[in-house]
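Undergrad: sequence unavailable; structure follows:
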């Protein structure tokens, strides 16, 4: 959707889980925290709340990481990467 000349994507909050014998995630509606921790990096887990005009940081690390130019995963790296894709 284009708003004020800018393209904006709207998506629902998601949670995902993997069956033990599958590489394909099962998606469901999730909470802001569930959606944030499934992201690859803390800075990619920052959400902009259009109603309040604020950035929300549900990992509690994204804003600091952005300011300190730090790249890290929301969960411990092995847990995050293996949870996100069992093929990794």
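TA: Nice, I can see it. Just so you know, these numbers come straight off a predicted model, no measurement behind them.
Undergrad: from residue 48, how far off is the closest residue to residue 1 other than its chain neighbours?
TA: Nearest non-adjacent residue to residue 1, counting by Cβ to Cβ, 6 or more residues apart in numbering: residue 8, 5.5 Å away. C-beta coordinates here come from the backbone N, C-alpha and C atoms, glycine included. Counting by Cβ to Cβ, to the nearest Å, the gap from residue 8 to residue 48 is 10 Å.
Undergrad: where does pLDDT dip in the chain?
TA: Within the chain, the segments meeting pLDDT under 70 span 79-88.
Undergrad: 50 instead, please
TA: Nowhere does the chain drop to pLDDT under 50.
Undergrad: what bridges to residue 3?
TA: In this entry, residue 3 is beta-bridged to residue 6, by DSSP bridges.
Undergrad: what does residue 57 give?
TA: As assigned using DSSP bridges, the partners bridged with residue 57 are residue 46.
Undergrad: go ahead and confirm it touches residue 44.
TA: No - with contact defined as Cβ atoms under 8 Å, residue 57 does not count as touching residue 44 (11.6 Å).
Undergrad: which one of these two has more residues nearby?
TA: Neighbour totals were compared for residue 57 and residue 44, and residue 57 leads with 19 against 12 (other Cβ atoms under 10 Å).
Undergrad: how about the more buried one, what does it touch?
TA: Residue 57 sits next to 45-46, 63 when contact means Cβ atoms under 8 Å, 6 or more residues apart in numbering.
Undergrad: and the buried ones among those, selectable in ChimeraX?
TA: This is how ChimeraX selects the buried members of those, with burial counted by 16 or more other Cβ atoms under 10 Å:
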select :45,46
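Undergrad: name the nearest of the contacts of residue 57 relative to residue 72.
TA: Nearest to residue 72 among those is residue 45, at 10.7 Å by Cβ to Cβ.
Undergrad: wouldn't that closest one be in contact with residue 62 here?
TA: Yes - contact criterion Cβ under 8 Å: residue 45 and residue 62 qualify, at 5.4 Å.
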